[in-house]
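1. pasting the sequence and the predicted coordinates here, then a few questions.
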Amino acid sequence: MRVFVAGASGAIGRPLIRQLIAAGHEVTGMTRREDRAAEIRAAGAEAAVCDVYDEAALQEAFSAARPEVVVNQLTSLPDRYDPRKASFYEETDRLRGEGARKLIAAAGKAGARRFVSQSIAFLYAPEGSWVKDEQARPHEEAPGHFRHAIEALVQHEREVVEAADLEGLILRYGQFYGPGTYFAPDGHLGGEVAKRRFPIVGAGTGTFSFIHVEDAAGATVAALDHGGPGIYNVVDDDPAPLHEWLPVYAEALGAKPPRRAPAWLVRVVAGRAVVDNALGLRGASNARAKRELGWRPRFPSWRQGFREAAG
């Protein structure tokens, strides 16, 4: 199958290219940088060096690749995890809006039949059950800058699923861990946990769903030819509250146990959104992805995955 991957040099793009090649697909990976193009070629794929906002270059890349399936993994997040800043989400929001629309248009013109795109599984409203399926309501009234990010995501999801002449699939990935992620040992959050700067806030009841980037890539490969148009949570089998997973993660890193901090203090220091996640975040169910994509995570739980990812 001919597959075009936008965002081929990112944390999920790299394992995705490798898994696609191993599965026998004919792959073109798109990147803006020539040095990253060399990495894509070394993995066995063709490389398209262009900016998603350059319509002429994008159409030329699609014409050369003639993709049957287009996979959108475009994001642009800073190395430092600081969602308190508006700039943290701005470029990724633009990619999920203007950038994704250009990809969808180019995919349609090139005759692609399926469009698979990235979203997040931690966008659900903090109400009701602690683990949500894809029918649950997004948290569109979220505090701070995250509200705009969710608005951009919801609009993007709608545009993909409703795209004319394309089978649109949205993969809502859980919290990424593994190489190149914030939770990697050399990632920003890994460093914060190692320095005991990532506390258990209050009771730590916020429920997180994780996914190793290799498993996220595996689900994406499965979505090339399994499942109908729609939304799928791509997470592991073990959603867990902050107070449960954070000490295990710290231990895997060889760090001291996390400190505890009262919610009122964290709200003053880090803002309401951090406290809301720590206390009210909802996890996600992967039942639909397992059933309809025929996918199973290699790491069913972060309990094993954290230790292996920490090396």
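-> Great, that's in hand. Numbering: from 1, shown residues only.

2. ranges for the helices of the stretch 201-311 of the chain?
-> 213-222, 242-253, 263-270, 272-280, 287-292, 302-310 (DSSP state H, counting those that start in this stretch).

3. highest mean neighbour count out of these?
-> Mean neighbours per residue, mean count of other CB atoms under 10 Å, is largest over those for helix 213-222, with a mean of 24. Heads up, the C-betas are built off the backbone N, CA and C, glycines and all.

4. against which helices or strands is that helix packed?
-> Under the contact definition 3 or more CB pairs under 8 Å, 6 or more residues apart in numbering; DSSP states H and E, helix 213-222 sits against helix 13-22, strand 167-173, strand 175-177, strand 230-234.

5. all strands for the stretch 1-150 of the chain, in order.
-> With strands called from DSSP state E, counting those that start in this stretch, the stretch 1-150 of the chain shows them at 2-6, 26-31, 46-49, 69-72, 114-120, 131-132.

6. let's have the ones you listed in a markdown table, adding mean pLDDT.
-> Output for those, formatted as a markdown table (pLDDT from 0 to 100):
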| stretch | mean pLDDT |
| --- | --- |
| strand 2-6 | 98 |
| strand 26-31 | 98 |
| strand 46-49 | 97 |
| strand 69-72 | 98 |
| strand 114-120 | 98 |
| strand 131-132 | 98 |
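
7. a markdown table for these, including mean neighbour count?
-> Converted to a markdown table, these look like this (neighbours: other CB atoms under 10 Å):
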| stretch | mean neighbour count |
| --- | --- |
| strand 2-6 | 26 |
| strand 26-31 | 26 |
| strand 46-49 | 20 |
| strand 69-72 | 28 |
| strand 114-120 | 24 |
| strand 131-132 | 22 |
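
8. select, out of the ones you listed, the one closest to G190.
-> G190 lies closest, by CB to CB, to one member of the strands of the stretch 1-150 of the chain: strand 114-120, at 19.4 Å.

9. what is the closest one packed up against?
-> strand 69-72, helix 100-109, helix 146-161, strand 167-173.

10. out of these, which is the most enclosed?
-> strand 69-72 (a mean of 28).

11. can you list the strands that that strand pairs with?
-> Strand partners for strand 69-72, identified by DSSP bridges, are recorded as strand 2-6 (parallel), strand 114-120 (parallel).

12. re earlier: of all the helices and strands packed on helix 213-222, which one is nearest A250?
-> strand 175-177 (13.3 Å).

13. beyond that closest one, next helix or strand please.
-> Later in the chain than strand 175-177, the nearest helix or strand by DSSP states H and E is helix 188-194.

14. and that next one, what does it pack onto?
-> For helix 188-194, the elements it packs on are helix 242-253, judged by 3+ CB pairs under 8 Å, 6+ apart.

15. next, count neighbours for E140.
-> Using other CB atoms under 10 Å, E140 has 12 neighbouring residues.

16. tell me the pLDDT of it.
-> pLDDT, E140: 92.

17. repeat for P185
-> On the pLDDT scale, P185 is placed at 96.
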